[in-house]
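# sequence-free structure coming up:
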(Lines give C-alpha, C1' and ligand atoms only; values in the text may rest on other atoms or scores of the structure.)
Protein backbone atom coordinates (compact mmCIF):
# COMPACT_ATOMS: atom_id res chain seq x y z
CA UNK A 1 0.00 0.00 0.00
CA UNK A 2 2.82 2.42 0.88
CA UNK A 3 4.45 1.68 -2.47
CA UNK A 4 1.22 2.53 -4.28
CA UNK A 5 0.99 5.80 -2.37
CA UNK A 6 4.51 6.74 -3.46
CA UNK A 7 3.64 6.00 -7.08
CA UNK A 8 0.51 8.13 -6.76
CA UNK A 9 2.51 11.08 -5.40
CA UNK A 10 5.12 10.80 -8.13
CA UNK A 11 2.52 10.62 -10.86
CA UNK A 12 0.75 13.66 -9.43
CA UNK A 13 3.99 15.66 -9.39
CA UNK A 14 4.79 14.64 -12.94
CA UNK A 15 1.37 15.73 -14.11
CA UNK A 16 1.79 19.11 -12.46
CA UNK A 17 4.90 19.93 -14.53
CA UNK A 18 4.18 20.88 -18.16
CA UNK A 19 5.81 18.59 -20.69
CA UNK A 20 7.61 21.52 -22.33
CA UNK A 21 8.96 22.95 -19.07
CA UNK A 22 12.68 22.42 -18.69
CA UNK A 23 15.16 24.27 -16.47
CA UNK A 24 17.16 26.85 -18.40
CA UNK A 25 20.79 26.00 -18.90
CA UNK A 26 23.89 28.09 -19.32
CA UNK A 27 24.27 28.59 -23.07
CA UNK A 28 25.89 30.95 -25.55
CA UNK A 29 23.52 33.68 -26.75
CA UNK A 30 21.95 32.76 -30.07
CA UNK A 31 19.99 34.68 -32.70
CA UNK A 32 20.34 37.94 -30.82
CA UNK A 33 20.12 41.23 -32.67
CA UNK A 34 21.61 44.69 -32.31
CA UNK A 35 21.67 45.90 -28.71
CA UNK A 36 20.35 42.62 -27.32
CA UNK A 37 23.52 41.22 -25.70
CA UNK A 38 24.72 42.75 -22.44
CA UNK A 39 28.36 42.06 -21.52
CA UNK A 40 30.23 42.89 -18.34
CA UNK A 41 34.02 42.62 -18.38
CA UNK A 42 36.51 43.09 -15.56
CA UNK A 43 40.26 43.01 -15.07
CA UNK A 44 43.12 45.22 -13.95
CA UNK A 45 43.48 48.86 -15.06
CA UNK A 46 46.20 49.27 -17.66
CA UNK A 47 48.20 51.71 -15.54
CA UNK A 48 47.81 49.90 -12.24
CA UNK A 49 51.27 49.98 -10.71
CA UNK A 50 51.29 46.86 -8.47
CA UNK A 51 49.79 44.58 -11.13
CA UNK A 52 50.58 44.68 -14.81
CA UNK A 53 49.50 42.69 -17.82
CA UNK A 54 51.52 40.36 -20.05
CA UNK A 55 55.18 41.46 -20.18
CA UNK A 56 55.10 41.77 -23.97
CA UNK A 57 52.52 44.57 -23.68
CA UNK A 58 53.23 48.04 -22.33
CA UNK A 59 50.63 49.75 -20.13
CA UNK A 60 49.96 52.08 -23.06
CA UNK A 61 49.42 49.11 -25.36
CA UNK A 62 47.07 47.39 -22.90
CA UNK A 63 45.07 50.59 -22.41
CA UNK A 64 44.68 51.17 -26.14
CA UNK A 65 43.75 47.54 -26.82
CA UNK A 66 41.07 47.42 -24.12
CA UNK A 67 39.49 50.69 -25.20
CA UNK A 68 39.59 49.81 -28.91
CA UNK A 69 38.07 46.38 -28.28
CA UNK A 70 35.27 47.96 -26.27
CA UNK A 71 34.58 50.47 -29.04
CA UNK A 72 34.66 47.69 -31.63
CA UNK A 73 32.06 45.67 -29.74
CA UNK A 74 29.73 48.62 -29.18
CA UNK A 75 29.93 49.63 -32.84
CA UNK A 76 29.23 46.00 -33.75
CA UNK A 77 25.97 45.98 -31.75
CA UNK A 78 26.88 44.77 -28.26
CA UNK A 79 26.18 46.56 -24.97
CA UNK A 80 29.32 46.87 -22.84
CA UNK A 81 30.08 47.57 -19.20
CA UNK A 82 33.79 47.50 -18.42
CA UNK A 83 34.98 47.79 -14.81
CA UNK A 84 38.73 47.59 -14.27
CA UNK A 85 40.12 47.69 -10.74
CA UNK A 86 42.94 46.45 -8.54
CA UNK A 87 42.87 44.18 -5.52
CA UNK A 88 42.69 47.17 -3.19
CA UNK A 89 39.11 47.70 -4.38
CA UNK A 90 36.39 45.30 -3.18
CA UNK A 91 35.22 42.64 -5.61
CA UNK A 92 31.66 43.52 -4.59
CA UNK A 93 31.98 46.63 -6.78
CA UNK A 94 31.32 44.27 -9.66
CA UNK A 95 28.15 42.92 -8.09
CA UNK A 96 26.94 46.48 -7.54
CA UNK A 97 27.35 47.22 -11.26
CA UNK A 98 25.42 44.08 -12.19
CA UNK A 99 22.22 45.04 -10.39
CA UNK A 100 18.96 45.65 -12.28
CA UNK A 101 20.19 44.27 -15.61
CA UNK A 102 20.21 40.90 -17.32
CA UNK A 103 23.69 39.88 -18.42
CA UNK A 104 24.34 37.59 -21.38
CA UNK A 105 28.13 37.26 -21.12
CA UNK A 106 30.59 37.80 -18.27
CA UNK A 107 34.29 38.30 -18.91
CA UNK A 108 37.57 38.38 -16.96
CA UNK A 109 40.82 39.67 -18.43
CA UNK A 110 43.94 37.60 -18.90
CA UNK A 111 45.84 39.73 -16.39
CA UNK A 112 43.84 38.08 -13.62
CA UNK A 113 43.45 34.64 -15.14
CA UNK A 114 47.11 34.21 -16.11
CA UNK A 115 48.71 35.43 -12.90
CA UNK A 116 50.92 33.20 -10.74
CA UNK A 117 50.23 35.31 -7.64
CA UNK A 118 47.93 33.64 -5.08
CA UNK A 119 46.11 36.84 -4.17
CA UNK A 120 45.22 37.43 -7.83
CA UNK A 121 43.93 33.88 -8.21
CA UNK A 122 41.81 34.42 -5.11
CA UNK A 123 40.34 37.54 -6.68
CA UNK A 124 39.57 35.60 -9.85
CA UNK A 125 37.70 33.03 -7.77
CA UNK A 126 35.76 35.82 -6.06
CA UNK A 127 34.83 37.38 -9.39
CA UNK A 128 33.61 34.10 -10.87
CA UNK A 129 31.52 33.51 -7.74
CA UNK A 130 29.97 36.97 -8.06
CA UNK A 131 29.20 36.29 -11.70
CA UNK A 132 27.53 33.01 -10.78
CA UNK A 133 25.43 34.70 -8.09
CA UNK A 134 24.37 37.67 -10.20
CA UNK A 135 24.17 36.17 -13.68
CA UNK A 136 23.84 32.41 -13.21
CA UNK A 137 22.88 31.72 -16.83
CA UNK A 138 25.55 33.89 -18.46
CA UNK A 139 28.59 32.04 -19.86
CA UNK A 140 32.07 33.29 -19.02
CA UNK A 141 34.04 34.62 -21.97
CA UNK A 142 37.81 35.03 -21.95
CA UNK A 143 40.35 36.85 -24.08
CA UNK A 144 43.80 35.48 -24.76
CA UNK A 145 45.50 38.88 -24.99
CA UNK A 146 44.55 42.51 -24.31
CA UNK A 147 43.47 42.97 -27.95
CA UNK A 148 41.42 39.79 -28.42
CA UNK A 149 38.25 40.30 -26.36
CA UNK A 150 36.18 41.53 -29.31
CA UNK A 151 37.23 38.53 -31.37
CA UNK A 152 36.34 36.16 -28.52
CA UNK A 153 32.86 37.66 -28.16
CA UNK A 154 32.11 37.61 -31.88
CA UNK A 155 33.24 34.00 -32.18
CA UNK A 156 31.06 32.75 -29.32
CA UNK A 157 28.06 35.07 -29.59
CA UNK A 158 27.74 36.36 -33.16
CA UNK A 159 24.82 38.69 -33.76
CA UNK A 160 22.10 37.72 -36.19
CA UNK A 161 22.23 40.97 -38.17
CA UNK A 162 24.53 43.70 -39.41
CA UNK A 163 24.55 46.44 -36.78
CA UNK A 164 26.56 49.03 -38.68
CA UNK A 165 23.67 51.47 -38.45
CA UNK A 166 22.33 50.17 -35.12
CA UNK A 167 25.24 50.06 -32.66
CA UNK A 168 25.05 48.81 -29.12
CA UNK A 169 25.47 50.88 -25.98
CA UNK A 170 28.51 51.79 -23.94
CA UNK A 171 26.91 51.32 -20.53
CA UNK A 172 30.04 52.37 -18.65
CA UNK A 173 33.81 52.14 -18.98
CA UNK A 174 35.44 52.70 -15.63
CA UNK A 175 38.84 52.22 -14.09
CA UNK A 176 38.32 52.22 -10.33
CA UNK A 177 41.72 53.06 -8.96
CA UNK A 178 43.28 55.48 -6.48
CA UNK A 179 46.05 57.90 -7.50
CA UNK A 180 48.45 55.89 -5.33
CA UNK A 181 47.97 52.87 -7.58
CA UNK A 182 47.13 54.35 -10.98
CA UNK A 183 48.81 57.40 -12.41
CA UNK A 184 45.92 57.89 -14.84
CA UNK A 185 42.50 56.36 -15.50
CA UNK A 186 39.69 56.31 -18.03
CA UNK A 187 36.14 56.79 -16.78
CA UNK A 188 33.25 57.21 -19.22
CA UNK A 189 29.74 57.06 -17.81
CA UNK A 190 27.86 59.04 -20.47
CA UNK A 191 28.02 56.37 -23.17
CA UNK A 192 30.24 58.47 -25.46
CA UNK A 193 32.63 56.50 -27.66
CA UNK A 194 34.34 59.78 -28.54
CA UNK A 195 35.18 60.29 -24.86
CA UNK A 196 36.43 56.72 -24.64
CA UNK A 197 38.71 57.35 -27.62
CA UNK A 198 40.35 60.23 -25.75
CA UNK A 199 41.84 57.79 -23.26
CA UNK A 200 43.02 58.15 -19.69
CA UNK A 201 43.58 61.37 -17.82
CA UNK A 202 46.16 61.89 -15.04
CA UNK A 203 44.96 61.60 -11.46
CA UNK A 204 45.86 64.28 -8.95
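Nice, thanks for sending it over. Note that the structure is a prediction, hence the values are computed from the model and not measured. Residues are numbered from 1 along each chain as shown.
# and residue 46, what does it touch?
Contacts for residue 46 (Cβ atoms under 8 Å, 6 or more residues apart in numbering) come out as 53, 59, 60, 62, 63, 66, 84, 175, 200. For every residue, glycine as well, the C-beta is placed using N, CA and C.
# which of the residues you listed fall in strands?
Here DSSP state E is the test, and the contacts of residue 46 give 84, 175 as lying in strands.
# columns distance to residue 148 on top of the contacts of residue 46, output as JSON lines?
As requested, the contacts of residue 46 are exported to JSON lines (distance: Cβ to Cβ, whole Å):
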{"residue": "53", "distance to residue 148": "12"}
{"residue": "59", "distance to residue 148": "18"}
{"residue": "60", "distance to residue 148": "18"}
{"residue": "62", "distance to residue 148": "12"}
{"residue": "63", "distance to residue 148": "15"}
{"residue": "66", "distance to residue 148": "11"}
{"residue": "84", "distance to residue 148": "16"}
{"residue": "175", "distance to residue 148": "20"}
{"residue": "200", "distance to residue 148": "21"}
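# filter the contacts of residue 46 down to the buried ones.
With neighbours counted by 16 or more other Cβ atoms under 10 Å, those contain buried members at 53, 59, 62, 63, 66, 84, 175, 200.
# ok, and the closest non-adjacent residue to the last one?
To tie it back to what came earlier, the one meant is residue 200. Spatial nearest neighbour of residue 200, chain neighbours left out: residue 184 (4.0 Å); criterion: Cβ to Cβ, 6 or more residues apart in numbering.
# what's the burial count for that neighbour?
The number of residues packed near residue 184 is 17, by other Cβ atoms under 10 Å.
# that one contacts residue 198, doesn't it?
No: applying Cβ atoms under 8 Å as the test, residue 184 and residue 198 come out as separate, 11.6 Å apart.
# just to revisit the earlier point, wait, which of the contacts of residue 46 is closest to residue 34?
Distances from residue 34 to these, taken as Cβ to Cβ, are shortest for residue 66 (22.6 Å).
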